[in-house]
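**Student:** I would like to see how this sequence folds:
(chains A and B)
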Amino acid sequence: MRSSRVLVRKHLLQHWVRSGLTVAAITLAMFLLCSVISIVTTLDRAVNSEATQRLVVQSAVSLFVNLPLGYQEKIVAVPGVEDVTVFQWFGGYFKEDEQPFAQFAVDHENFLHMYAKDMRVAEGPRGVTGDSALEAVQAAMNADRRAAIIGPDLARENNWKVGDTVPIIAKIFTKQDRSAWEFDIVGIYEPLKSNFDPRQMFFRFDYLRETLEAEGMVDDMGTGVYMVNLEATADPGLVSQAIDGLFENGPQRTKTATEAVFQSFFIAMLGNVPAFMGAIGGAIVFAVLFSVVNTMLMAGRQRRGEAGILKALGFSNACVARLLLYESLVLCLTGGALGIGIAALFEEPVRWAVGGALPGYTVEPSTLLLAVGVTLVVGVVAGIGPALGLGRLQPADALRSEA
Amino acid sequence: MNAMIEMQGVSKRYSRGNETLTVLDSLDFQVDAGDFVALMGPSGSGKSTILNIAGGLDRPDSGRVSVAGSDLGAMSSSALAPWRSVHIGFVFQSFNLMPVLTALENVMLPLLLTPLRSSERKKQAEFALDVVGLSDRMTHRPKQLSGGQEQRVAIARAIATDPDLILADEPTGDLDRESATSVMELLQRLNKEMGKTLVVVTHDPMVGELAQRTAHLDKGLLVDVTGEGP
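**Tutor:** Below you'll find the model as predicted:
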């Protein structure tokens, strides 16, 4: 209604500090809500998009207990298994520990082939790109014991190029003289899945093992987990049972699961993230609701006299009530639009900021729609009470409050 | 002469705690079309209550009220609102202008309820402001106007929809003598030249002298009516 537009605009501008602060609160709340929901949906997508045709074999005791290297041959022999690689967390850092990234020691002969659906080699030695990059990198990894392949974001952040030698300081696998491990970058990969971390380093497991053994730093080198690729027709459940059955009597019992299940276990180690995030999201919604309710209650009290004047002029009860409800909706939708817009626009910076902690951070359209819905609900809930109060007010009583 | 306001046996009581206050007590009161009536009496005598009941802002506890040919008791709250916009123009002691709106926007406010187009609403509001002598203050906000000017804007708002009846509650109460005289001359002109029926609640004897009739109230009873109708 035309009268509503004019009056709502004028009222909001009259108390511009109050309106501005309320809009700012809603903006921040909706940005946070979108971010929190996006963390949950990103984690969820990470679990669901992991390969079900890849198994992770870990110790039945704990992820932190290594498995013997001798298990690899036995696992490869299980019917339905296509290929196996060791997968050992290195846990080092470059220069400073404040920008951590993942490094894994892997079997260099088959790792690139096993992960062909997760990533592709984008650049190899001497500037080789395209289809021949994979062969060039494989050859370089076979030839160079210190060879490593890195993700594009890691290369960009540290200005690393193919051909560079980079020192990584170990926190777990320290050398005798505590010097840095040196790796020769022979290739840069490009993730093919949104949740495949673009800030990782993969290097030869035998470089790690042989160096530590030569220095007498380990007695019995093992691996944290084995990654097992299955044949297309293999049943992951049956193969998992078969693998765990092999090692039922030790020396280390194993727990085998698909990569998707492993990922969900891994996330669960952090606690019930979806429930925690849900609680934070709920708290944000209630905090902003209380803030807007407070604003609208103040506006409602201030408008009692004005409601009387409008009713004396012939405005209906419903029309007077609508004015305050529209005001609440305008505040919420303005703040909501800003918060939702910022969440969408800042997707890339947030993805960069969270880095490897949450690869593939994405603000889904469904998240934005949900935030729009929440904004509308907050606007209606906050405005309906004060609006009905003004609507029900008897004109003579309202005018007496103005006098 | 047709009756503009007819009140028969109107009573109104307010409860304050355990105490019941009788503001109007079986009041019979009539205002003819084109009349200029002043309602006088001590505070609490029921003057403003008569005005509120006649304007459909309040309802009596008993009795019959007919204004501009409509039986107000038979009308619902939702029917009274549009009825007011057509038949009644209110003028209040404290002007009751919207502080966020300019003089022109304030006068256009009741016209928003009419089917007029935007340009027609503006033209009519400009005409009303011209009638009250404020053509040069259209873009001013209330706080940029003097008390007398604010009351003139309020009068322009009251006549913008060309109502039959103007109800003014202490229209000179917040004004200095000069502004009060000017406002009352304006209201008198609306009565004489435009034929508006005018009911003014006042304590001011000057207003009483300008009115064609003066009704004196005390403790909710009509004790005296002086003067003759139009």
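**Student:** C-alpha only now, for contacts and for neighbours.
**Tutor:** Noted.
**Student:** Run through the chain and note the low-pLDDT ranges.
**Tutor:** Defaulting to chain A. Where chain A drops to pLDDT under 70, the residues are A:1-4, A:46-52, A:97-98, A:266-271, A:355-359, A:401-403.
**Student:** could you do chain B instead?
**Tutor:** Scanning chain B for pLDDT under 70 picks out the ranges B:1, B:229-230.
**Student:** switch to 80 and redo it
**Tutor:** Counting by pLDDT under 80, chain B has low-confidence residues at B:1, B:16, B:227-230.
**Student:** And stretch A:142-162, what's buried?
**Tutor:** Buried residues in stretch A:142-162, counting neighbours by 16 or more other CA atoms under 10 Å in any protein chain shown, are found at A:145-155, A:160-162.
**Student:** Can you name the residue of the stretch 101-250 of chain A nearest to chain B?
**Tutor:** A:Ser194 (52.5 Å; CA to the nearest CA).
**Student:** ok, now which ones touch the closest residue to that residue other than its chain neighbours?
**Tutor:** Excluding the flanking residues, the one nearest A:Ser194 by CA to CA, 6 or more residues apart in numbering or on different chains is A:Gly360, at 4.7 Å. For A:Gly360, the contacting residues are A:42, A:194-197, A:351, by CA atoms under 8 Å, 6 or more residues apart in numbering or on different chains.
**Student:** same deal with A:Gly281?
**Tutor:** Contacts of A:Gly281 by CA under 8 Å, 6+ apart are A:32-33, A:36-37.
**Student:** can you redo those residues as a markdown table with distance to A:Ala232, neighbour count and secondary structure?
**Tutor:** Shown next, in a markdown table, are these (distance: CA to CA, whole Å; neighbours: other CA atoms under 10 Å in any protein chain shown; DSSP: H, G, I helix; E, B strand; the rest coil):
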| residue | distance to A:Ala232 | neighbour count | secondary structure |
| --- | --- | --- | --- |
| A:Leu32 | 42 | 20 | helix |
| A:Leu33 | 40 | 28 | helix |
| A:Val36 | 36 | 22 | helix |
| A:Ile37 | 34 | 24 | helix |
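**Student:** hang on, the earlier thing: in the buried residues of stretch A:142-162, find the pair that's most separated.
**Tutor:** The largest separation in the buried residues of stretch A:142-162, counting by CA to CA, is between A:Arg145 and A:Asp153 at 23.8 Å.
**Student:** Only the buried residues of the lengthiest helix in chain B, if you could.
**Tutor:** When chain B is parsed with DSSP state H, its longest helix is helix B:177-194. Within helix B:177-194, the residues that qualify as buried are B:179-184, B:186-188, B:190-192, counting by 16+ other CA under 10 Å.
**Student:** burial count for B:Ser94?
**Tutor:** By other CA atoms under 10 Å in any protein chain shown, 19 other residues sit near B:Ser94.
**Student:** got the phi/psi numbers for B:Thr114?
**Tutor:** Torsion angles at B:Thr114 (phi, psi; degrees, to the nearest 10) stand at phi -100, psi 160.
**Student:** number of nearby residues for it?
**Tutor:** 13.
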